[in-house]
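A.B. asks: Turn this into a structure:
(one chain, ligands or ions: 2)
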Amino acid sequence: MQNKIHIFDTTLRDGEQVPGCQLNTAEKIEVAKSLEELGVDIIEAGFPISSPGDFNSVIEISKAVVHPVICALTRAKKEDIDCAVEALKFAKRKRIHTGIGSSDIHIQHKFRSSREEVLKQAIEAVRYAKKSVEDIEFYAEDAGRAHLPFLAQMIEGVISAGATVVNIPDTTGYCLPTDYGTKIKYLIDHVKNIDKAIISVHCHNDLGLATANSILGVVNGARQIECTINGIGERAGNTSLEEVVMVLHSHKDLNLITGINTKRIYSTSKLVSRLMRMSVQPNKAIVGKNAFAHSSGIHQDGFLKHRDTYEVINPVDVGVDKSLIVLTARSGRAALRHRLEALGYTITKDGITELYKHFILLADTEKQIEDHHLQVLFEDFQQQDGVKNSKPSL
Ligand code: KIV
Ligand code: ZN
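C.D. replies: Ligands and ions are numbered 1, 2, ... in the order given. I've put the predicted structure just below:
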(Lines give C-alpha, C1' and ligand atoms only; values in the text may rest on other atoms or scores of the structure.)
(Ligands and ions follow the chains in the order given, each with its own letter.)
Protein backbone atom coordinates (compact mmCIF):
# COMPACT_ATOMS: atom_id res chain seq x y z
CA MET A 1 0.00 0.00 0.00
CA GLN A 2 1.22 3.50 -0.86
CA ASN A 3 2.63 5.47 2.05
CA LYS A 4 1.78 8.96 0.75
CA ILE A 5 -1.01 10.68 2.70
CA HIS A 6 -2.91 13.29 0.68
CA ILE A 7 -3.62 16.47 2.57
CA PHE A 8 -7.07 17.87 1.76
CA ASP A 9 -7.41 21.34 3.22
CA THR A 10 -10.94 22.56 3.98
CA THR A 11 -10.07 25.83 5.75
CA LEU A 12 -11.93 27.74 3.02
CA ARG A 13 -15.06 25.56 3.26
CA ASP A 14 -15.59 23.79 6.62
CA GLY A 15 -13.31 26.32 8.35
CA GLU A 16 -14.96 29.32 6.81
CA GLN A 17 -18.41 28.17 8.02
CA VAL A 18 -17.47 29.44 11.51
CA PRO A 19 -19.46 32.57 12.43
CA GLY A 20 -17.23 35.63 12.14
CA CYS A 21 -14.59 33.86 10.03
CA GLN A 22 -16.07 34.70 6.61
CA LEU A 23 -13.52 35.94 4.09
CA ASN A 24 -13.99 38.00 0.96
CA THR A 25 -12.74 36.67 -2.38
CA ALA A 26 -9.41 38.53 -2.25
CA GLU A 27 -8.70 37.13 1.22
CA LYS A 28 -9.65 33.61 0.10
CA ILE A 29 -7.22 33.86 -2.81
CA GLU A 30 -4.48 34.94 -0.39
CA VAL A 31 -5.17 31.90 1.81
CA ALA A 32 -5.38 29.57 -1.21
CA LYS A 33 -2.00 30.74 -2.51
CA SER A 34 -0.50 30.25 0.90
CA LEU A 35 -1.96 26.70 1.02
CA GLU A 36 -0.40 26.03 -2.36
CA GLU A 37 3.00 27.17 -1.02
CA LEU A 38 2.45 24.97 2.00
CA GLY A 39 2.09 22.01 -0.37
CA VAL A 40 -1.47 20.80 0.26
CA ASP A 41 -2.73 18.32 -2.34
CA ILE A 42 -6.36 19.44 -2.47
CA ILE A 43 -8.00 22.77 -1.60
CA GLU A 44 -11.71 22.63 -0.87
CA ALA A 45 -12.49 26.11 -2.13
CA GLY A 46 -16.17 26.39 -1.21
CA PHE A 47 -19.77 25.32 -1.56
CA PRO A 48 -20.73 27.12 -4.79
CA ILE A 49 -24.52 26.86 -4.54
CA SER A 50 -24.54 28.31 -1.02
CA SER A 51 -24.07 31.93 -2.16
CA PRO A 52 -22.98 34.01 -5.18
CA GLY A 53 -19.91 35.06 -3.15
CA ASP A 54 -18.85 31.45 -2.59
CA PHE A 55 -19.50 30.61 -6.25
CA ASN A 56 -17.30 33.52 -7.31
CA SER A 57 -14.56 32.57 -4.86
CA VAL A 58 -14.35 29.05 -6.32
CA ILE A 59 -13.99 30.60 -9.79
CA GLU A 60 -11.25 33.02 -8.69
CA ILE A 61 -9.33 30.44 -6.63
CA SER A 62 -9.43 28.09 -9.63
CA LYS A 63 -7.77 30.80 -11.72
CA ALA A 64 -5.21 31.77 -9.09
CA VAL A 65 -3.92 28.36 -8.02
CA VAL A 66 -1.95 25.98 -10.24
CA HIS A 67 -0.82 22.81 -8.47
CA PRO A 68 -3.43 21.61 -5.93
CA VAL A 69 -6.68 20.01 -7.02
CA ILE A 70 -9.54 22.48 -6.52
CA CYS A 71 -12.57 20.89 -4.92
CA ALA A 72 -16.16 22.17 -4.62
CA LEU A 73 -18.77 20.83 -2.21
CA THR A 74 -22.32 19.87 -3.16
CA ARG A 75 -25.28 18.07 -1.70
CA ALA A 76 -26.46 14.99 -3.62
CA LYS A 77 -28.59 17.18 -5.87
CA LYS A 78 -28.33 17.93 -9.58
CA GLU A 79 -28.63 21.70 -9.16
CA ASP A 80 -25.74 21.73 -6.66
CA ILE A 81 -23.60 19.60 -8.97
CA ASP A 82 -24.35 21.76 -12.02
CA CYS A 83 -23.40 24.85 -10.04
CA ALA A 84 -20.13 23.26 -8.84
CA VAL A 85 -19.24 22.16 -12.39
CA GLU A 86 -19.70 25.74 -13.57
CA ALA A 87 -17.67 27.20 -10.65
CA LEU A 88 -14.80 24.80 -11.36
CA LYS A 89 -14.55 25.57 -15.06
CA PHE A 90 -11.16 27.33 -14.76
CA ALA A 91 -9.54 24.79 -12.43
CA LYS A 92 -6.52 23.04 -13.91
CA ARG A 93 -7.31 19.99 -11.79
CA LYS A 94 -10.81 19.70 -10.36
CA ARG A 95 -12.86 17.57 -8.00
CA ILE A 96 -16.51 17.50 -7.01
CA HIS A 97 -17.26 16.55 -3.41
CA THR A 98 -20.81 15.30 -3.23
CA GLY A 99 -22.58 13.27 -0.59
CA ILE A 100 -25.45 12.62 1.77
CA GLY A 101 -26.14 11.56 5.36
CA SER A 102 -25.46 7.90 6.08
CA SER A 103 -26.51 7.41 9.71
CA ASP A 104 -30.06 6.44 10.70
CA ILE A 105 -30.26 9.64 12.75
CA HIS A 106 -29.71 11.70 9.59
CA ILE A 107 -31.82 9.45 7.37
CA GLN A 108 -34.83 9.40 9.70
CA HIS A 109 -34.76 12.87 11.22
CA LYS A 110 -33.06 15.08 8.64
CA PHE A 111 -34.31 13.50 5.41
CA ARG A 112 -37.37 11.65 6.79
CA SER A 113 -36.38 8.98 4.31
CA SER A 114 -35.17 5.39 4.21
CA ARG A 115 -31.78 3.71 3.75
CA GLU A 116 -32.87 2.48 0.29
CA GLU A 117 -33.87 5.97 -0.90
CA VAL A 118 -30.69 7.61 0.42
CA LEU A 119 -28.53 4.92 -1.17
CA LYS A 120 -30.27 5.52 -4.50
CA GLN A 121 -29.77 9.28 -4.26
CA ALA A 122 -26.06 8.84 -3.38
CA ILE A 123 -25.41 6.61 -6.38
CA GLU A 124 -27.37 8.87 -8.75
CA ALA A 125 -25.46 11.95 -7.56
CA VAL A 126 -22.08 10.33 -8.18
CA ARG A 127 -23.19 9.05 -11.58
CA TYR A 128 -24.46 12.48 -12.54
CA ALA A 129 -21.32 14.32 -11.35
CA LYS A 130 -19.11 11.81 -13.14
CA LYS A 131 -20.58 12.91 -16.50
CA SER A 132 -18.86 16.29 -16.07
CA VAL A 133 -15.85 15.73 -13.83
CA GLU A 134 -13.57 12.70 -13.62
CA ASP A 135 -12.46 13.09 -9.99
CA ILE A 136 -15.46 12.59 -7.70
CA GLU A 137 -15.24 12.41 -3.92
CA PHE A 138 -18.26 11.07 -2.06
CA TYR A 139 -18.94 11.93 1.61
CA ALA A 140 -21.10 9.67 3.75
CA GLU A 141 -22.09 12.33 6.27
CA ASP A 142 -22.18 11.16 9.91
CA ALA A 143 -20.43 7.92 8.94
CA GLY A 144 -19.05 7.88 12.50
CA ARG A 145 -22.51 6.90 13.77
CA ALA A 146 -23.75 4.96 10.72
CA HIS A 147 -24.71 1.28 10.71
CA LEU A 148 -21.48 -0.27 9.43
CA PRO A 149 -22.86 -2.87 6.96
CA PHE A 150 -25.08 -0.14 5.46
CA LEU A 151 -22.12 2.24 5.24
CA ALA A 152 -20.14 -0.49 3.45
CA GLN A 153 -23.03 -1.02 1.02
CA MET A 154 -23.20 2.72 0.32
CA ILE A 155 -19.44 2.99 -0.24
CA GLU A 156 -19.46 0.01 -2.59
CA GLY A 157 -22.36 1.53 -4.55
CA VAL A 158 -20.77 4.95 -5.00
CA ILE A 159 -17.42 3.46 -6.04
CA SER A 160 -19.25 1.41 -8.68
CA ALA A 161 -20.87 4.66 -9.83
CA GLY A 162 -17.43 6.27 -10.28
CA ALA A 163 -16.30 7.78 -6.95
CA THR A 164 -12.51 8.10 -6.84
CA VAL A 165 -12.33 9.11 -3.17
CA VAL A 166 -14.67 8.02 -0.37
CA ASN A 167 -14.89 10.29 2.66
CA ILE A 168 -15.89 8.72 5.99
CA PRO A 169 -16.68 11.75 8.16
CA ASP A 170 -17.00 11.66 11.91
CA THR A 171 -19.29 14.65 11.51
CA THR A 172 -20.16 14.98 15.19
CA GLY A 173 -16.71 14.13 16.59
CA TYR A 174 -18.22 11.21 18.50
CA CYS A 175 -15.94 8.28 17.67
CA LEU A 176 -13.16 6.92 19.84
CA PRO A 177 -9.84 6.58 17.99
CA THR A 178 -9.73 2.77 18.07
CA ASP A 179 -13.38 2.52 16.95
CA TYR A 180 -12.80 4.94 14.10
CA GLY A 181 -9.70 3.02 13.01
CA THR A 182 -11.70 -0.22 13.16
CA LYS A 183 -14.39 1.29 10.89
CA ILE A 184 -11.80 2.13 8.27
CA LYS A 185 -10.37 -1.38 8.50
CA TYR A 186 -13.88 -2.84 8.22
CA LEU A 187 -14.48 -0.94 4.98
CA ILE A 188 -11.15 -2.15 3.58
CA ASP A 189 -12.09 -5.73 4.47
CA HIS A 190 -15.75 -5.67 3.39
CA VAL A 191 -16.07 -3.33 0.38
CA LYS A 192 -15.05 -5.46 -2.56
CA ASN A 193 -14.16 -2.58 -4.92
CA ILE A 194 -12.39 -0.48 -2.25
CA ASP A 195 -9.09 -0.75 -4.16
CA LYS A 196 -10.65 1.52 -6.84
CA ALA A 197 -10.86 4.50 -4.47
CA ILE A 198 -8.87 6.37 -1.82
CA ILE A 199 -10.39 6.41 1.66
CA SER A 200 -10.49 9.86 3.24
CA VAL A 201 -10.87 10.76 6.92
CA HIS A 202 -12.77 13.89 7.97
CA CYS A 203 -12.96 14.26 11.74
CA HIS A 204 -14.52 16.91 13.94
CA ASN A 205 -13.15 17.81 17.33
CA ASP A 206 -16.22 17.83 19.62
CA LEU A 207 -14.50 15.52 22.11
CA GLY A 208 -10.97 16.70 21.35
CA LEU A 209 -10.25 13.51 19.38
CA ALA A 210 -10.06 14.76 15.79
CA THR A 211 -6.30 14.41 15.42
CA ALA A 212 -6.17 11.01 17.14
CA ASN A 213 -9.06 9.74 15.02
CA SER A 214 -7.46 10.94 11.78
CA ILE A 215 -4.18 9.27 12.67
CA LEU A 216 -5.90 5.98 13.54
CA GLY A 217 -7.73 6.29 10.21
CA VAL A 218 -4.52 6.46 8.17
CA VAL A 219 -2.81 3.82 10.30
CA ASN A 220 -5.71 1.55 9.31
CA GLY A 221 -5.47 2.28 5.60
CA ALA A 222 -7.05 5.66 4.77
CA ARG A 223 -4.82 7.72 2.46
CA GLN A 224 -6.30 11.21 2.66
CA ILE A 225 -6.79 13.49 5.67
CA GLU A 226 -9.26 16.40 5.59
CA CYS A 227 -8.17 19.19 7.87
CA THR A 228 -8.00 22.93 8.45
CA ILE A 229 -5.31 25.38 9.48
CA ASN A 230 -5.42 25.96 13.26
CA GLY A 231 -8.17 23.32 13.44
CA ILE A 232 -10.87 25.90 12.75
CA GLY A 233 -14.32 24.63 11.79
CA GLU A 234 -17.90 24.06 12.91
CA ARG A 235 -18.39 23.95 16.71
CA ALA A 236 -15.12 22.65 18.26
CA GLY A 237 -13.46 22.58 14.84
CA ASN A 238 -11.93 20.11 12.40
CA THR A 239 -8.74 18.11 12.52
CA SER A 240 -5.89 20.59 12.52
CA LEU A 241 -3.52 20.33 9.58
CA GLU A 242 -0.43 21.24 11.56
CA GLU A 243 -1.11 18.52 14.14
CA VAL A 244 -1.64 15.59 11.77
CA VAL A 245 1.25 16.63 9.56
CA MET A 246 3.65 16.93 12.49
CA VAL A 247 2.46 13.63 14.01
CA LEU A 248 3.37 11.88 10.75
CA HIS A 249 6.59 13.90 10.44
CA SER A 250 7.67 13.07 14.01
CA HIS A 251 6.64 9.39 14.00
CA LYS A 252 8.82 8.12 11.18
CA ASP A 253 8.03 4.60 12.44
CA LEU A 254 4.54 4.93 10.90
CA ASN A 255 6.20 5.20 7.49
CA LEU A 256 3.55 7.65 6.25
CA ILE A 257 4.58 10.81 4.45
CA THR A 258 2.92 14.03 3.28
CA GLY A 259 4.02 16.58 0.69
CA ILE A 260 3.76 19.46 3.18
CA ASN A 261 6.58 21.97 3.44
CA THR A 262 6.49 22.03 7.24
CA LYS A 263 8.60 25.20 7.40
CA ARG A 264 5.59 27.14 6.11
CA ILE A 265 3.20 25.93 8.81
CA TYR A 266 3.67 28.82 11.23
CA SER A 267 3.33 31.60 8.64
CA THR A 268 0.18 30.00 7.19
CA SER A 269 -1.29 29.68 10.68
CA LYS A 270 -0.60 33.38 11.32
CA LEU A 271 -2.17 34.41 8.02
CA VAL A 272 -5.36 32.42 8.62
CA SER A 273 -5.64 33.68 12.19
CA ARG A 274 -5.22 37.30 11.08
CA LEU A 275 -7.59 37.18 8.10
CA MET A 276 -10.26 35.18 9.93
CA ARG A 277 -9.90 37.28 13.08
CA MET A 278 -9.64 34.06 15.06
CA SER A 279 -6.85 34.03 17.60
CA VAL A 280 -4.95 30.81 18.29
CA GLN A 281 -5.07 29.62 21.89
CA PRO A 282 -1.60 30.02 23.48
CA ASN A 283 -1.26 26.33 24.35
CA LYS A 284 -2.38 25.10 20.89
CA ALA A 285 -0.07 22.31 19.70
CA ILE A 286 2.51 23.34 17.08
CA VAL A 287 1.31 26.91 16.42
CA GLY A 288 0.30 28.30 19.85
CA LYS A 289 2.41 31.10 21.35
CA ASN A 290 3.55 28.76 24.13
CA ALA A 291 4.13 25.66 21.98
CA PHE A 292 7.91 26.12 22.25
CA ALA A 293 8.11 28.17 25.48
CA HIS A 294 9.68 26.73 28.63
CA SER A 295 8.92 28.36 31.95
CA SER A 296 9.52 25.99 34.85
CA GLY A 297 13.02 25.73 36.34
CA ILE A 298 13.33 21.95 35.92
CA HIS A 299 12.27 22.08 32.27
CA GLN A 300 14.46 25.09 31.50
CA ASP A 301 17.53 23.46 33.05
CA GLY A 302 16.96 20.22 31.07
CA PHE A 303 16.16 22.07 27.85
CA LEU A 304 19.25 24.29 28.10
CA LYS A 305 21.44 21.21 28.58
CA HIS A 306 19.87 19.29 25.70
CA ARG A 307 16.88 20.43 23.60
CA ASP A 308 15.39 16.92 23.19
CA THR A 309 14.78 16.63 26.94
CA TYR A 310 11.63 18.74 26.64
CA GLU A 311 10.94 19.17 22.92
CA VAL A 312 9.80 16.55 20.40
CA ILE A 313 9.70 18.99 17.50
CA ASN A 314 12.40 21.41 16.48
CA PRO A 315 10.56 24.77 16.17
CA VAL A 316 12.64 25.58 13.09
CA ASP A 317 10.92 22.64 11.32
CA VAL A 318 7.56 24.46 11.49
CA GLY A 319 8.95 27.90 10.72
CA VAL A 320 9.31 29.21 14.27
CA ASP A 321 12.74 30.88 14.80
CA LYS A 322 13.57 29.41 18.16
CA SER A 323 12.24 28.12 21.47
CA LEU A 324 11.51 30.60 24.22
CA ILE A 325 12.79 30.59 27.76
CA VAL A 326 10.18 32.51 29.74
CA LEU A 327 11.22 33.92 33.10
CA THR A 328 8.61 33.60 35.84
CA ALA A 329 8.60 32.81 39.55
CA ARG A 330 8.86 29.13 38.54
CA SER A 331 12.15 29.66 36.69
CA GLY A 332 15.52 28.57 38.01
CA ARG A 333 19.08 29.86 38.05
CA ALA A 334 20.00 28.18 34.75
CA ALA A 335 17.38 30.16 32.89
CA LEU A 336 18.29 33.40 34.66
CA ARG A 337 21.95 32.97 33.75
CA HIS A 338 21.01 32.05 30.15
CA ARG A 339 18.93 35.20 29.74
CA LEU A 340 21.55 37.45 31.36
CA GLU A 341 24.21 36.03 29.06
CA ALA A 342 21.96 36.61 26.05
CA LEU A 343 21.75 40.25 27.18
CA GLY A 344 25.54 40.46 27.29
CA TYR A 345 26.10 40.20 31.05
CA THR A 346 28.48 37.72 32.64
CA ILE A 347 28.09 36.76 36.24
CA THR A 348 29.88 34.43 38.62
CA LYS A 349 28.30 31.42 40.32
CA ASP A 350 28.04 33.26 43.67
CA GLY A 351 26.73 36.31 41.88
CA ILE A 352 23.87 34.38 40.27
CA THR A 353 22.94 32.84 43.63
CA GLU A 354 22.67 36.30 45.12
CA LEU A 355 20.93 37.91 42.18
CA TYR A 356 18.45 35.02 42.01
CA LYS A 357 17.12 36.02 45.47
CA HIS A 358 16.20 39.46 44.13
CA PHE A 359 14.88 37.98 40.90
CA ILE A 360 12.48 35.60 42.63
CA LEU A 361 11.04 38.37 44.83
CA LEU A 362 10.36 40.47 41.77
CA ALA A 363 8.99 37.47 39.83
CA ASP A 364 6.48 36.84 42.61
CA THR A 365 4.97 40.26 41.99
CA GLU A 366 5.32 40.43 38.19
CA LYS A 367 3.69 37.74 36.03
CA GLN A 368 6.64 37.52 33.67
CA ILE A 369 10.15 38.98 33.92
CA GLU A 370 11.11 40.82 30.75
CA ASP A 371 14.53 41.99 29.60
CA HIS A 372 13.97 45.56 30.85
CA HIS A 373 13.26 44.15 34.36
CA LEU A 374 16.48 42.16 34.21
CA GLN A 375 18.53 45.17 33.20
CA VAL A 376 17.28 47.20 36.18
CA LEU A 377 17.73 44.22 38.51
CA PHE A 378 21.26 43.61 37.33
CA GLU A 379 22.31 47.24 37.51
CA ASP A 380 20.87 47.68 41.04
CA PHE A 381 22.62 44.51 42.09
CA GLN A 382 25.94 45.74 40.63
CA GLN A 383 25.71 49.01 42.51
CA GLN A 384 25.20 47.21 45.80
CA ASP A 385 27.28 44.20 46.77
CA GLY A 386 27.24 42.47 43.41
CA VAL A 387 30.15 44.37 41.82
CA LYS A 388 32.65 41.82 42.94
CA ASN A 389 30.55 39.05 41.41
CA SER A 390 29.64 40.45 38.07
CA LYS A 391 31.20 41.85 34.98
CA PRO A 392 29.07 43.65 32.42
CA SER A 393 30.35 42.88 29.01
CA LEU A 394 28.05 45.18 27.08
O1 KIV B 1 -18.47 17.03 8.64
C2 KIV B 1 -18.96 16.63 7.57
O3 KIV B 1 -19.58 15.57 7.49
C4 KIV B 1 -18.74 17.46 6.39
C5 KIV B 1 -19.15 16.90 5.06
C6 KIV B 1 -19.90 17.89 4.28
C7 KIV B 1 -17.94 16.39 4.35
O8 KIV B 1 -18.17 18.54 6.48
ZN1 ZN C 1 -17.07 18.67 8.35
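A.B. asks: just the helices in the stretch 1-150 of the chain please.
C.D. replies: For the stretch 1-150 of the chain, applying DSSP state H, counting those that start in this stretch gives helices covering 25-38, 52-64, 78-87, 104-105, 115-130, 148-160.
A.B. asks: Run a quick neighbour tally on residue 131.
C.D. replies: Neighbour count for residue 131, taken as other Cβ atoms under 10 Å: 9. Any C-beta I mention is one placed from the backbone N, CA and C, and that applies to glycine too.
A.B. asks: which residue ranges form the helices in the stretch 201-350 of the chain?
C.D. replies: Using DSSP H, counting those that start in this stretch, helices in the stretch 201-350 of the chain cover 210-219, 241-250, 265-275, 297-305, 333-342, 349-365.
A.B. asks: Could you dump those into a markdown table with distance to ligand 1 and mean neighbour count added?
C.D. replies: Listed next are those as a markdown table, based on distance: least, Cβ to the nearest ligand atom, whole Å; neighbours: other Cβ atoms under 10 Å:
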| stretch | distance to ligand 1 | mean neighbour count |
| --- | --- | --- |
| helix 210-219 | 11 | 25 |
| helix 241-250 | 15 | 23 |
| helix 265-275 | 18 | 20 |
| helix 297-305 | 38 | 17 |
| helix 333-342 | 44 | 19 |
| helix 349-365 | 46 | 15 |
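A.B. asks: would you turn those into a markdown table with mean pLDDT?
C.D. replies: A markdown table is the format used below for the helices of the stretch 201-350 of the chain (pLDDT from 0 to 100):
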| stretch | mean pLDDT |
| --- | --- |
| helix 210-219 | 98 |
| helix 241-250 | 98 |
| helix 265-275 | 98 |
| helix 297-305 | 91 |
| helix 333-342 | 93 |
| helix 349-365 | 93 |
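A.B. asks: Between the helices of the stretch 1-150 of the chain, which one is closest to ligand 1.
C.D. replies: helix 78-87 (11.6 Å; Cβ to the nearest ligand atom).
A.B. asks: List the neighbouring strands of the top strand by length along the chain plus their orientation.
C.D. replies: Ordering each strand of the chain by length in residues (DSSP state E) puts strand 94-101 first. Taking DSSP bridges as the criterion, strand 94-101 sits next to strand 69-73 (parallel), strand 136-141 (parallel) in its sheet.
A.B. asks: Would you mind giving those strands as JSON lines with distance to ligand 1, mean neighbour count and mean pLDDT added?
C.D. replies: As requested, the strands paired with strand 94-101 are exported to JSON lines (distance: least, Cβ to the nearest ligand atom, whole Å; neighbours: other Cβ atoms under 10 Å; pLDDT from 0 to 100):
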{"stretch": "strand 69-73", "distance to ligand 1": "6", "mean neighbour count": "26", "mean pLDDT": "98"}
{"stretch": "strand 136-141", "distance to ligand 1": "4", "mean neighbour count": "27", "mean pLDDT": "98"}
